[in-house]
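1. No letters, just coordinates:
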């Protein structure tokens, strides 16, 4: 009984740290799937550890999770893997609606340009920058995690920060603009606001739907902002916001299953193309981060 109670308290302490640890793992590893793998491994190590002598559990579990991520980064470097974006495996078949405040921080706050730059850093540089600059872990603790001197870690962090600051920020600016366009489009669609939809669409915009979407009522091809705005304003799907392969998009659930995904091509702040996809084989291959709301 005592052991079960201890395990329950330990799990409660770990779960309290989970949001922060998941963000840490995502910043270090770059994908939600790997971040979740890291947390699973961290929990296994915590559950097998004697924490009675641990004075600062939060700091201890941060160190443990960091070391798990370092091992994964080094394994990735050895395999010469390349970061390809944010992933949640299997979400197309079993969509998981995530907490908007927590997961928005995980997915949207990290711009594609920053992820690219972080991926180009060495594992040690990446860990030094993320732990110290983003999570306020003191240099001496980062040094202990990396097994290097504090002086060496300060040099790593300084070099990494210079490389990040020297990276172009236009990609992040463009990504933010695209998110705003799609979110505004979603709001206008929900309100049936024809004028707002018309303003967001390029005059020669085109909407295309695959054959499966057509069986659900979508038109195969619609040309022009007025025609598209008119059809969207009619409503019918009640779409919600998502990141689709790392880009802003919408999704709709039909009869309890994720059935329709809308992706957008945006140029100069205007939507020039909408792709409506409902083919389950295609939808299943999409990497989706789904948001409530």
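-> Received the coordinates, thanks. If you're wondering where the values come from, they're calculated on a predicted model, not measured in any experiment.
2. just the helices in the stretch 1-150 of the chain please.
-> Using DSSP state H, counting those that start in this stretch, the helices assigned to the stretch 1-150 of the chain run over residues 2-29, 32-47, 57-79, 100-107, 112-120, 123-129, 139-146, 150-165.
3. and residue 178, how many neighbours does it have?
-> By the measure other Cβ atoms under 10 Å, the count of residues near residue 178 is 18. Every residue, glycine included, has its C-beta placed from N, CA and C.
4. for residue 11, same thing?
-> 13.
5. before we move on, what about residue 179?
-> Neighbour number of residue 179 under other Cβ under 10 Å is 16.
6. got it, and the one 3 residues further on?
-> Close neighbours of residue 182, defined as other Cβ under 10 Å, add up to 24.
7. How about residue 122?
-> 14.
8. Tell me if residue 271 really is in a strand.
-> Yes - under DSSP: H, G, I helix; E, B strand; the rest coil, residue 271 falls within a strand.
9. So it versus residue 193, what's the distance?
-> For residue 271, the distance to residue 193 equals 15 Å [Cβ to Cβ, to the nearest Å].
10. more neighbours, these two?
-> Using other Cβ under 10 Å as the criterion, residue 271 and residue 193 rank with residue 271 on top: 22 against 17.
11. which residues does that one contact?
-> By Cβ atoms under 8 Å, 6 or more residues apart in numbering, residue 271 lies in contact with 181, 185, 200-202, 205, 264-265.
12. could these go into JSON lines alongside secondary structure, distance to residue 44 and neighbour count?
-> Shown next, in JSON lines, are the contacts of residue 271 (DSSP: H, G, I helix; E, B strand; the rest coil; distance: Cβ to Cβ, whole Å; neighbours: other Cβ atoms under 10 Å):
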{"residue": "181", "secondary structure": "helix", "distance to residue 44": "42", "neighbour count": "18"}
{"residue": "185", "secondary structure": "helix", "distance to residue 44": "43", "neighbour count": "26"}
{"residue": "200", "secondary structure": "helix", "distance to residue 44": "47", "neighbour count": "23"}
{"residue": "201", "secondary structure": "strand", "distance to residue 44": "50", "neighbour count": "25"}
{"residue": "202", "secondary structure": "strand", "distance to residue 44": "51", "neighbour count": "18"}
{"residue": "205", "secondary structure": "strand", "distance to residue 44": "50", "neighbour count": "23"}
{"residue": "264", "secondary structure": "strand", "distance to residue 44": "40", "neighbour count": "21"}
{"residue": "265", "secondary structure": "strand", "distance to residue 44": "43", "neighbour count": "15"}
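13. In a markdown table: those residues, plus pLDDT.
-> Formatted as a markdown table, these follow (pLDDT from 0 to 100):
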| residue | pLDDT |
| --- | --- |
| 181 | 90 |
| 185 | 92 |
| 200 | 93 |
| 201 | 95 |
| 202 | 92 |
| 205 | 93 |
| 264 | 92 |
| 265 | 91 |
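14. can you give me the strands in the stretch 151-293 of the chain?
-> Ranges of strands in the stretch 151-293 of the chain, per DSSP state E, counting those that start in this stretch, are 201-209, 221-223, 240-244, 247-254, 257-267, 270-277, 288-290.
15. Could you dump those strands into CSV and include distance to residue 34?
-> Below are these laid out as CSV (distance: least, Cβ to Cβ, whole Å):
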stretch, distance to residue 34
strand 201-209, 33
strand 221-223, 39
strand 240-244, 16
strand 247-254, 20
strand 257-267, 23
strand 270-277, 26
strand 288-290, 14
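16. Residue 139: which of those strands is closest?
-> Closest of the strands of the stretch 151-293 of the chain to residue 139 is strand 288-290, at 33.1 Å (criterion: Cβ to Cβ).
17. What's the mean pLDDT across that closest one?
-> On average, the pLDDT along strand 288-290 is 68.
18. Domain-wise, how is this structure divided?
-> Using automatic domain parsing, the domain parsing of the chain gives 2-83+113-168, 171-290.
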